[in-house]
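In: Sequence below, structure please.
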Amino acid sequence: MHLETDLANIDDVTHDQLRAELARLGDGTDRAILSIDGSTYIQTAVFGNGLVVEKREGGGEETHFHAVPRHPELPPAKPKPKRSWWEKLFTHDPDLTSECAFTLDEVQQIFADYLAGRTSDLPKQWDQGYCDR
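Out: Next comes the predicted model:
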C-alpha cells in the first residue's frame with residue numbers, strides 16, 4: 001500500500017513506517033492517506049479535538065464513508081482566539097472540531113488493521129458521506 005502525508009510519500013509502506021508517520025500528525029503534517037489505489041483508501045485529518053477518519057471503497061461518492069466513534073466524548077478543543085472578519089474569510093481555521101474525532105492511538109489501530117487487511121474493531125460504525133458535525 002501507499003502512504004501519503006504532507007511530509008512523506010511511501011510505496012509499500014511497512015507497519016513501522018506507518019506508525020512513525022502517523023505519530024507526526026499534528027506536528028508538521030495534518031493528513032494521511034493509506035491507499036490501495038486512487039479510489040480505495042483510508043484517510044485521516046487533524047482537527048482541534050482529534051482526528052477524523054474516512055474511507056472510500058472504490059467507485060464514486062456513494063462509496064465514501066466516515067467513521068463514527070463509539071467512545072466517551074473527547075476533551076473540548078482549546079478556546080478559539082478572537083479573529084478579525086478578514087481572517088475569518090481568508091484564512092484556514094486551525095481550531096476546527098468534529099464530533100467524529102478519534103484519538104491518535106485509535107487512528108493508529110484503524111490504519112494498522114487496514115494495512116494488515118483486517119476489519120478493525122474501531123470504529124464500530126461507518127456512515128455514508130462526510131462527517132458534517
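
In: So for Arg56, what's the nearest residue that isn't a sequence neighbour?
Out: His64 (4.9 Å; CB to CB, 6 or more residues apart in numbering). (Glycine included, C-beta is placed from N, CA and C.)

In: Check the gap between that neighbour and His15 for me.
Out: With distances taken as CB to CB, to the nearest Å, His64 is found 26 Å from His15.

In: is it true that the residue nearest to Arg56 touches Tyr130?
Out: Yes: the pair His64 and Tyr130 qualifies as a contact (CB atoms under 8 Å) at a distance of 7.1 Å.

In: give me the element the nearest residue to Gln43 once chain neighbours are set aside is part of.
Out: Leaving aside its sequence neighbours, Gln43 sits nearest to Ile33 (CB to CB, 6+ apart; 4.3 Å). Per DSSP states H and E: Ile33 is located in strand 31-37.

In: now stretch 55-67: mean pLDDT?
Out: Stretch 55-67 shows a mean pLDDT of 90.

In: Could you report the neighbour count for the residue nearest to Arg56?
Out: His64 has 16 neighbours, counted by other CB atoms under 10 Å.

In: what sits against it?
Out: 54-56, 128-130 (CB atoms under 8 Å, 6 or more residues apart in numbering).

In: Going by neighbour count, which of the residues you listed comes out on top?
Out: Most surrounded of the contacts of His64: other CB under 10 Å gives Arg56, at 21 neighbours.

In: I'd like the distance between that one and Gly26.
Out: With CB to CB as the criterion, Arg56 and Gly26 are 23 Å apart.

In: what does Glu57 give?
Out: For Glu57 relative to Gly26 (CB to CB), the value is 27 Å.
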